[in-house]
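**Student:** sharing a model prediction with you, sequence too.
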Amino acid sequence: KRSSMKRTASRNTLRKIIKTQKPQLRIAANADLLVRCAVHLSFLVFLNRLAEEARTNAFEHRSKTIKAEHAIAAAKVI
């Protein structure tokens, strides 16, 4: 069974997204590796912020366990 978290976007998909958002940019051949790293880093930063906010929500509700409702409330703030 393959986890969906391990899949990465193809080079063409990344190029299309970048060209759609910023058509004036010229993209070098190996730029997609940097884009993948930047996207991955942004995702990790988001997850870290989400976890911190969910932990704060759980603490405020006097819960020792972070529950789905804490994460959902955190996602609305972020």
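**Tutor:** It's in. What you see is a predicted model, and the numbers here were worked out from it, not measured in a lab.
**Student:** going along the chain, name the helices of the protein.
**Tutor:** Per DSSP state H, the chain carries helices over the ranges 11-21, 31-60, 68-77.
**Student:** okay, now the unreliable bits of this structure?
**Tutor:** 1-7 (pLDDT under 70).
**Student:** same thing but 50
**Tutor:** 1 (pLDDT under 50).
**Student:** give the residue farthest from the middle of it.
**Tutor:** Taking CA atoms, centre = their mean, the residue of the chain most remote from its mean C-alpha position is residue 62, at 28.1 Å.
**Student:** which residue is nearest the centroid of this structure?
**Tutor:** residue 43 (2.5 Å).
**Student:** look up phi and psi at the residue farthest from the centre of the chain.
**Tutor:** phi 50, psi 40 (degrees, to the nearest 10).
**Student:** if I pick it, what's in contact with it?
**Tutor:** Residues near residue 62 by CB atoms under 8 Å, 6 or more residues apart in numbering: none. To be clear about C-beta, it is placed using only N, CA and C from the backbone, and glycine gets the same treatment.
**Student:** count of neighbours near residue 15?
**Tutor:** By other CB atoms under 10 Å, 15 other residues sit near residue 15.
**Student:** how about it: what's its closest non-neighbour residue?
**Tutor:** Of all residues not flanking residue 15 in the chain, residue 27 sits nearest, at 6.2 Å (CB to CB, 6 or more residues apart in numbering).
**Student:** isn't that neighbour right up against residue 17?
**Tutor:** No. Using CB atoms under 8 Å, residue 27 is not in contact with residue 17; the gap is 10.9 Å.
**Student:** how far away is residue 34 from residue 64?
**Tutor:** 41 Å (CB to CB, to the nearest Å).
**Student:** the more surrounded of those two?
**Tutor:** Using other CB under 10 Å, the more surrounded residue of residue 34 and residue 64 is residue 34, with 11 against 6.
**Student:** if I look at that one, how far off is residue 70?
**Tutor:** When residue 34 is compared with residue 70 (using CB to CB), they lie 34 Å apart.
**Student:** and for residue 28?
**Tutor:** In terms of CB to CB, residue 28 sits 42 Å off from residue 70.
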